[in-house]
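Student: sequence plus the predicted model coming up.
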Amino acid sequence: MGGCYISPASIIKFAISKKSAFILKLNTKVGCFYEIEFYNDFSYKQIINLLKCLKLKFWTDLEYKNWLLKSWGKIKRENLNSLFKNYWNDFSHMSDILYDKNKSIKDILEKISNNYSEYNNIFYIITKKNLWTNKNINLYKFKYIDFNISASIIIPAKDTSFSLSKTLESINNNIMPKQLYSQIEIIVVDDGTCNNSIEEVVNIYNSTSRIKAKYVRIQNNAGRNYARNIGASLAAGEILFFIDSDIILGKNYLFEHLLRHFLFKKICLVSFKRDIYNFSKFKIILNRNRPQKFTDFRVKKLVNPNWIGIYPSPSHKQILKPLESTKYFMNFGCRKNIGIWDLSCMVTTSNLSIRREEFIKIGGFHKLFKGWGFEDTFLGSCLIANGNFIIPVLSTGVWHFCYKKIDKEKRYKSKMFKENLNKYKNLINKSFHEIIK
């Protein structure tokens, strides 16, 4: 006689080594438990050390079998009709959204939630912290884990040699398990700088760095989208970090993001920034995990009536707090808007991380966008439409170096912003499959 049990169980499996895995089975009908798969390359002593580190009890095979018999013996037969009805509604709903080739991106976004609470529950069990915690994760608790994950940090740069040197230094200053340093690469894409200043910065950096950088030059300026796509096409890492050349990373930035990517697949991680206007305190910043206060619009922003966005601007000045108003973006799905923004607008490429396979699936940055504005918003729309959660990481952050813009540059950016907004509105009304094919 066979049986089928459907429950909100979560199974998470992550590598200890190439042939070994640690498996958590959470919220099953018989409670929460773990299993370890291992072969000859993983010793008994290492297992005991791992379990001590995680404060878990070690069971013999006999104890485990007895527990299973006792636990499953209490389970009553269920009425599968009602269960299948509920679950089938969910599955068929997602099937209609994702596989109907006529569905526009806008239609898909109106149906997809950003409720990542199940991921958060798993993360809390493992770390005793929420995914959005502003407290850093103690990396020494994970010293027995084999972080079998690789990453590529893509930095487009044009005429930013001074700030780029600080960006690279902040990357090299990041603290993480030793094995990760050799599993991370940096790809600097020179987008048409008129001299060799960017290349010189990369060469100087490589002479003393732990994380090595590759230099790629585009002869004529092609724009940030093209530069990032070139960098991604050359990337070997499973995880892609997109970082601007005027960004200073918190010293725990890479580990906080990589730990979450190590545990979960369909996620896009974003951290927040603080604007700075000089580098006099650079050495102090270099040893911090995050800014004490953020000046990021996703945290708090005074919006004026004449602001341009996806949605109409308010009729009067209004302070918006997207992060707080949406419970760390969990209630920000289904095209809900906070003022002029929706969830897609929370994806900004000054700093973010995603899986390379997810980036490839959506076709990368769309080539239609030129100059500044909405190329990252459209990337966010496509990631969400393809089933990725947008998750904020507040345990780390970045500093953004600002310089005074001349009037001519302001006018150019304003012009490009309006043009790209129209392109964005046209693209999200197109079929998702037409966009990513």
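Tutor: Nice, thanks for sending it over.

Student: contacting residues around the residue nearest in space to the middle of the chain?
Tutor: Residue closest to the mean C-alpha point of the chain, counted by Cα atoms, centre = their mean, is Leu269 at 2.1 Å. Contacts for Leu269 (Cβ atoms under 8 Å, 6 or more residues apart in numbering) come out as 257, 260-261, 352-354, 391-393. For the C-beta atoms, the positions are set from N, CA and C on the backbone; glycine is no exception.

Student: taking those residues one by one, which sit in helices?
Tutor: 257, 260-261 (DSSP state H).

Student: JSON lines for these, including neighbour count and distance to Ile338?
Tutor: Below are the ones in helices among the contacts of Leu269 laid out as JSON lines (neighbours: other Cβ atoms under 10 Å; distance: Cβ to Cβ, whole Å):
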{"residue": "His257", "neighbour count": "25", "distance to Ile338": "24"}
{"residue": "Arg260", "neighbour count": "21", "distance to Ile338": "24"}
{"residue": "His261", "neighbour count": "20", "distance to Ile338": "27"}
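
Student: out of those, the closest to Arg335 would be?
Tutor: Nearest to Arg335 out of the ones in helices among the contacts of Leu269 is Arg260 (Cβ to Cβ; 25.0 Å).

Student: mind checking pLDDT for the closest one?
Tutor: pLDDT recorded at Arg260 is 95.

Student: surely it meets Lys266?
Tutor: No: if you go by Cβ atoms under 8 Å, Arg260 and Lys266 don't touch, sitting 11.7 Å apart.

Student: picking up where we left off before, isn't there a strand covering the residue nearest to the centre of the chain?
Tutor: Yes: per DSSP: H, G, I helix; E, B strand; the rest coil, Leu269 lies within a strand segment.

Student: got the buried residues for stretch 305-317?
Tutor: 309-310, 313 (16 or more other Cβ atoms under 10 Å).

Student: and what of stretch 174-190?
Tutor: Applying 16+ other Cβ under 10 Å to stretch 174-190 flags 174, 176-177, 180, 183-190 as buried.

Student: tell me the two of the residues you listed that are most distant?
Tutor: Among the buried residues of stretch 174-190, Pro177 and Asp190 lie farthest apart (Cβ to Cβ), at 31.1 Å.

Student: contacts only, for Phe242.
Tutor: Counted by Cβ under 8 Å, 6+ apart, Phe242 has contacts 154, 228, 349, 351-353.

Student: excluding its backbone neighbours, what's nearest it?
Tutor: Distances taken as Cβ to Cβ, 6 or more residues apart in numbering put Thr349 closest to Phe242, at 4.7 Å, once the chain neighbours are dropped.

Student: report how many residues lie close to the one you found.
Tutor: Neighbours of Thr349 under the rule other Cβ atoms under 10 Å: 20.

Student: now do the contacts for it.
Tutor: For Thr349, counting by Cβ under 8 Å, 6+ apart, the contacting residues are 224, 228, 242, 244, 375-376, 379.

Student: list the ones among the buried residues of stretch 305-317 that fall in strands.
Tutor: Using DSSP state E, no member of the buried residues of stretch 305-317 falls within strands.

Student: between the residues you listed, which is closest to Asn66?
Tutor: Using Cβ to Cβ, these come closest to Asn66 at Ile310, 58.3 Å.

Student: right, and Asn136 touches Leu259 too?
Tutor: No: Asn136 lies out of contact with Leu259 (Cβ under 8 Å); the separation is 10.4 Å.

Student: quick one: which of those two has more around it?
Tutor: Taking neighbours as other Cβ under 10 Å, Asn136 and Leu259 compare with Leu259 leading, 24 against 17.

Student: show me where this protein dips below the pLDDT cut-off.
Tutor: Along the chain, the parts satisfying pLDDT under 70 run over 1-22, 24-34, 36-58, 60-61, 64-65, 67-101, 143-144, 404-410, 412, 437.

Student: packing partners for the longest strand along the chain?
Tutor: If you go by DSSP E, the chain has its longest strand at strand 389-401. Secondary structure elements in contact with strand 389-401, counted by 3 or more Cβ pairs under 8 Å, 6 or more residues apart in numbering; DSSP states H and E, are strand 247-249, helix 253-263, strand 267-276, helix 375-385.

Student: partners of the third one in the sheet?
Tutor: Next to strand 267-276 in the sheet, as set by DSSP bridges, lie strand 351-355 (antiparallel), strand 389-401 (parallel).

Student: tell me the buried residues in it?
Tutor: Using 16+ other Cβ under 10 Å as the burial criterion, the residues of strand 267-276 that qualify are 267-274, 276.

Student: and Lys283, what helix or strand is that in?
Tutor: Using DSSP states H and E, the element containing Lys283 is helix 282-285.

Student: where do the strands sit along the stretch 51-200 of the chain?
Tutor: 151-157, 184-191 (DSSP state E, counting those that start in this stretch).

Student: given the longest one, what are its sheet partners and their directions?
Tutor: Based on DSSP bridges, the strands next to strand 184-191 in the sheet, each with its direction, are strand 151-157 (parallel), strand 213-218 (parallel).

Student: residues in contact with that strand?
Tutor: 150-158, 164, 168, 171, 198-199, 202, 211-218, 221-224, 226-228, 230-231, 234-237, 245, 254.

Student: ok, back up a step: what would the contacts of Phe242 look like in TSV with distance to Lys293?
Tutor: As requested, the contacts of Phe242 are exported to TSV (distance: Cβ to Cβ, whole Å):
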residue	distance to Lys293
Ile154	28
Arg228	29
Thr349	22
Asn351	17
Leu352	21
Ser353	23
